[in-house]
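Student: Structure, please.
(2 chains)
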Amino acid sequence: MEYNFREIEQKWQDWWKENKVYQVSNVSDKPKYYVLDMFPYPSGVGLHVGHPLGYVASDIFARYKRLKGFNVLHPMGYDAFGLPAEQYAIEHGIHPAISTQNNINNYRAQLDKIGFCYDWDREVKTCEPNYYKWTQWIFLQLFHSFFNRQKQKAESIETLIKIFEEEGNVHHVCPGDATIEFEKDEWKSYTDEYQQEVLMHYRLAFCGYGEVNWCEALGTVLANDEVVNGVSERGGHPVVKKKLRQWYLRITEYADRLLEGLKTVDFSDAMKEMQTNWIGKSTGAEIKFDIKNSKFELHVYTTRPDTIFGVDFMVIAPEHELVNGITTPEQKQAVENYITYVKSRSDRERQAEKKITGCFTGAYAINPFNKKQIPVWISEYVLAGYGTGAIMAVPCGDERDFKFAKHFNIPITNIIGDYFNGEEANATKEAKLSNSDFLNGIVMKDAIDIVVNKLVALGIGKKKINYKMRDAAFSRQRYWGEPFPIKWKNKIAIPLNENELPLLLPKVDAYSPGPEGEGPLANIPEWVAKELETNTMPGYAGSSWYFLRYMDPHNNETFCDRKVSDYWNQVDVYIGGTEHAVGHLLYSRMWTKALYDLGFIGYDEPFKKLLNQGMITGNSAFINMMGFNLIKKNQIDKPYIHTEDELKKIAELNNKYQIIHNTFLSYDLMDSIRTTYSKPETEEEIKHDLLRENVLNYLIKPIVDDIKKEGLLEKVIIGFPNYYKIHIPIEYVNINDEVDTERLEKENPKFKDAIFISSDGKTIKCFREVEKMSKSKLNVVNPNDVINKYGSDTFRMYEMFLGPVEQSKPWDTKGIEGVHRFLKKLWRLFFDELKGKVWNEEKATAEELKVLHKAIKKIEEDTERFSFNTAVSAFMVCVNELADLKCNKREVLEPLLIMLVPYAPHITEELWKALGNTKSILDAAYPTFNPAYLVESSKDYPVSINGKLRTNINIALYATQEQVEQIVLNNEVVKKWIEDKPVKKLIFVKNKMVNVVI
RNA sequence: GCCCAUAUGGCGGAAUUGGUAGACGCGCCAGACUCAAAAUCUGGUUCUCGCAAGGGAGUGAAGGUUCGAUUCCUUUUGUGGGCACCA
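Tutor: The predicted structure is shown next:
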């Protein structure tokens, strides 16, 4: 009986489906466990081998927990709204709903092949009305809420209105606009319109204005990754910033809670650090500066008020509201030019730019303490969104300010004495201040509070806590997203009633953007007639709460019954990529906190533990191409004036030969071509040079012919070769990096009639590089192909065996044979090809039980700590050892099978049934480790002399330090190394090692 | 530019708390079985000097702490991810 994985896997997948073995109930006596994957966006390309890495890991863990007696919730669904589907619709005229469903079907077929234990009855798709109804509903809850800073929690906006009626907003500073202040009578006197405007500044979901990437030529707003080097990726049109009405979530109000919550969750330190940095809480001061000869005041946020006397200039963001008002007439033109430049730049470009740019506004701020006049500049490195959009620049203490000052010749004041060397800034807090008026002689870190207190006393500043995090932009000018349940009447946002939900996304035939940067919904007359909001929600709306819907996916009364969410509680393990570190993971944490505050769920952190899976990168294949540039002769020696006609011809030829199209060079040739010997001596070198010459002559000949034909013989020369590499599809490359050129030419139009040059006239070699797996890089590996060849059990185990789940690693099919061989070897412990059944009912020996229990210990520990790669190798060790012992005993094999279920569910179910079990192995009890089988009486101690390993000595485990010393020092090898030198110390660590120090 | 991660044989990786560097697998070499191949099995495989016994070097680089460092600290280089409208 052979291991026929194709038959086995299909059989059990069908059986599991028929018997609904993965259906999970919300009612159970068992303890609950919730294992969640980050659900995928169903792209048109389908899954590649990188996607299932996390899914296999979570599947193993879910199955493991089930064997351990838990009621395990392990669902899957689709994050189905998104930009790519809409772009596809624009290009191909297929409705996103249809292409998305097609993609989902494709994903599902792929996922099913891998044998996951998802309860598919709980599947959610964010683009379905019965799902997004509740996304809209939660949005309304956020809209109807504000964040009560005194209680540090969200509350109903009705509560706030009551407060306003009773005491105005004196105890509730307006988070959207701190300048709004009113008493109760004032509130009552406000028009309804103004009251609503004020409330909008408090709501957790609110409307405001924000900048977007606007592409006039495409008439649309572009995502950041659709903008490359300041122009649109499609078409290369200019992109500028444009202010549009946008919805936001007031996530900044939750900044402190989000920080606090990190202490209660089990995320990696790196993840916590990333989120902490993203929130970017800092303590400092806001300082008011008067502007000379002007009514304006400049507010600056700084974390270093102690450096106030070192301020040599101010930099404000080019889009700062004061720029217009304070710029002097002389500087107006220069400032306008500079702003035009900045408008074309993305925030990221602005921060990454090394070139120092800026423009003086002509205005001067006045240092409130010494009345010094400080020039006010604008520069792209100051962003409007951070702090007050203005900084006080202290060149002696900040590198960026220092370089700016040097570049524009602004005199630098040194306030830190010897700490500043004039060559580079020093951000120390330890220096004693000088040139600092009343702060002279005070250590900087102590001066901070002194300055703040003085600022407060003088009424020109205050202590301030600042966050780098901004409120989350929550609207898109797109079609394929959740419509907002909002109507606009007289510029007032009117929420729909709950009974009007879901507000269905209307069917459309065209997806082009609406007028004035509005979304496609603005093109639908009925939609506009109803005065409905034309923006839609962003991709992360649906994903911010989906883990709750899985618990109660068919509920039509509420998003998730409170009793059910109380039972399942938090997600116990959440597995997904780090790329979501500061997006999805912060948003879903915020939504959870808001839902908790409003009493809809019983916990305020969604994910108890987070495991980050690494990427599986592709192993791209490249082939070389070459080309030559023609160099006009006058660039080299004597001046020669080319005629117009000649110049045109040269340009044409250059165009033709810069890359010699359709001619590809084997990789092993490239080394030869790139090296030359000035004096070839050995036979090899002569051969090498000959080969090189042949290739080059071959390539150059047609160029020379063309040069002659065009009559340019004396007028140009051929320059050094250019080298290029291009991707070739990896399916045409074998394990030895040899290209199947015949098939490639036949099947791939890009390589039709291609010429391949090799060193031996036969083999064309390519070279490999590790890159992200993507369609454009022609390096995608489809899991189905692997499964067809080796089966899903092999695939699952190999994905794990590749390395730690958290780490990125390249996909390489080479090693998969080893895992497959392991499963075959396991099979042979049960069945022999010729003899058939070989397993038996004999009693296991102590040695065999030791092998088994060693494996139980190791595999259980490794699975618990998500070290699946080492668990796989422990299985291999165990099977190797059992094979060596010729152990075919049920007593040993059965527990081994149960342990293997999470990793290879199909083969284990088959063998389990073959052993005569009638019930599924999925609910078997996990074997219990018994340490008694592993007890040892002695150990081979490694013995080092001065830290260098010299020998091993077997010593009883109960030996005392004195006994060990005696044994070790009398050992021949040890004696030899000690010679006659005195032993300074002998280090003995029980059960570990011995080190003799001489 | 800023934040985070990461670097170990020909390759993927192991070494869980500072204690035998290279488990396990791939690949490669040699052998067995076979008419032959596949499959399977046995042995070897970090580099280097040496016939061998046995030395020496070695975890991106440079320093440091320690009896002992892949592991901790400082500096530095390469690579990958994120940076607010890809998901």
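Student: Can you pull up the most central residue in chain A?
Tutor: Nearest residue to the geometric centre of chain A (C-alpha atoms, centre = their mean): residue A:579, 1.2 Å.
Student: contacting residues around the residue of the stretch 751-900 of chain A found nearest RNA strand B?
Tutor: Closest to RNA strand B within the stretch 751-900 of chain A is residue A:818: 2.1 Å, counting by C-beta to the nearest atom of the strand. C-beta: built from backbone N, CA, C; applies to glycine. Contacts for residue A:818 (C-beta atoms under 8 Å, 6 or more residues apart in numbering) come out as residue A:801.
Student: mind running it again at 10 Å?
Tutor: A:794, A:797, A:798, A:801, A:872, A:876 (C-beta atoms under 10 Å, 6 or more residues apart in numbering).
Student: of all those residues, which comes closest to residue A:714?
Tutor: Nearest to residue A:714 among the contacts of residue A:818, counting by C-beta to C-beta, is residue A:798 at 63.1 Å.
Student: How many residues are close by that closest one?
Tutor: 23 (other C-beta atoms under 10 Å).
Student: cool, and residue A:21?
Tutor: With other C-beta under 10 Å as criterion, residue A:21 counts 16.
Student: and it, what helix or strand is that in?
Tutor: If you go by DSSP states H and E, residue A:21 is not part of any helix or strand.
Student: Span of stretch A:537-551 from start to end?
Tutor: In stretch A:537-551, first residue to last residue: 23 Å (C-alpha to C-alpha, to the nearest Å).
Student: What's the mean pLDDT across it?
Tutor: The average of the pLDDT scores along stretch A:537-551 is 95.
Student: and it, which residues are buried?
Tutor: Buried residues in stretch A:537-551, counted by 16 or more other C-beta atoms under 10 Å: A:537-551.
Student: ok, and of these, which contact RNA strand B?
Tutor: A:538, A:539, A:540, A:543 (C-beta under 7 Å from any atom of the strand).
Student: close enough to count as contact, the last one and residue A:126?
Tutor: Yes: in this structure, residue A:543 sits in contact with residue A:126. The criterion is C-beta atoms under 10 Å, and the distance is 6.8 Å.
Student: anything in contact with each of the two?
Tutor: A:39, A:41, A:77, A:79, A:81, A:135.
Student: Pretty sure the third one sits against residue A:111.
Tutor: To tie it back to what came earlier, the one meant is residue A:77. No: assessed by C-beta under 10 Å, residue A:77 is found out of contact with residue A:111, at 11.2 Å.
Student: At which residues are the strands of the stretch 1-150 of chain A located?
Tutor: Here the stretch 1-150 of chain A has its strands, by DSSP state E, counting those that start in this stretch, at A:32-37, A:71-73, A:145-148.
Student: Please disregard the earlier target; I meant the stretch 401-550 of chain A.
Tutor: So, for the stretch 401-550 of chain A - with DSSP E, counting those that start in this stretch - the strands run A:461-467, A:472-473, A:486-489, A:492-495.
Student: Next, count neighbours for residue A:891.
Tutor: Residue A:891, neighbours per other C-beta under 10 Å, totals 15.
Student: shouldn't it be in contact with residue A:915?
Tutor: No: between residue A:891 and residue A:915 there is no contact under C-beta under 10 Å: 11.0 Å.
Student: what's the average pLDDT for the strand ranked longest in chain A?
Tutor: In chain A, taking DSSP state E as the definition, the longest strand is strand A:616-632. In this model, strand A:616-632 has a mean pLDDT of 82.
Student: again with stretch A:2-14
Tutor: Mean predicted confidence for stretch A:2-14 is 93.
Student: next one: stretch A:167-176
Tutor: Rounded mean pLDDT across stretch A:167-176 is 93.
Student: Just the buried positions in stretch A:567-579, please.
Tutor: A:567, A:568, A:570, A:571, A:572, A:573, A:574, A:575, A:576, A:577, A:578.
Student: distance between it and the chain's centre?
Tutor: Relative to the mean C-alpha coordinate of its chain, stretch A:567-579 is positioned 16 Å out (C-alpha atoms, centre = their mean, to the nearest Å).
Student: CA atoms only: put it into CSV for me.
Tutor: C-alpha atoms of stretch A:567-579 as CSV (Å, rounded to 0.1, in the frame of the first residue of the first chain):
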residue,chain,number,x,y,z
TYR,A,567,-18.9,34.2,25.3
TRP,A,568,-16.2,34.4,22.6
ASN,A,569,-14.7,37.5,24.2
GLN,A,570,-11.4,38.7,22.8
VAL,A,571,-9.5,37.1,19.9
ASP,A,572,-7.0,34.9,21.7
VAL,A,573,-4.6,34.7,18.8
TYR,A,574,-4.6,37.0,15.8
ILE,A,575,-2.2,36.2,13.0
GLY,A,576,-1.3,38.6,10.2
GLY,A,577,1.5,40.7,8.6
THR,A,578,3.3,43.7,10.2
GLU,A,579,2.2,45.8,7.3
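Student: is it fair to say residue A:594 lies in a helix?
Tutor: Yes: counting by DSSP: H, G, I helix; E, B strand; the rest coil, residue A:594 is located in a helix.
Student: My guess is it contacts residue A:258. True?
Tutor: No: contact criterion C-beta under 10 Å: residue A:594 and residue A:258 do not qualify, at 11.5 Å.
Student: So if I had to pick from those two, which one is more boxed in?
Tutor: The neighbour count for residue A:594 versus residue A:258, taken as other C-beta under 10 Å, is higher for residue A:594 (29 against 24).
Student: ok, the more buried one to RNA strand B distance?
Tutor: Remark: distance between residue A:594 and RNA strand B (C-beta to the nearest atom of the strand, to the nearest Å) = 17 Å.
Student: Pick out the residue of the stretch 301-450 of chain A closest to RNA strand B.
Tutor: For the stretch 301-450 of chain A, C-beta to the nearest atom of the strand, closest residue to RNA strand B: residue A:352, 3.6 Å.
Student: What residues does that residue make contact with?
Tutor: So residue A:352 contacts A:346, A:381 (C-beta under 10 Å, 6+ apart).
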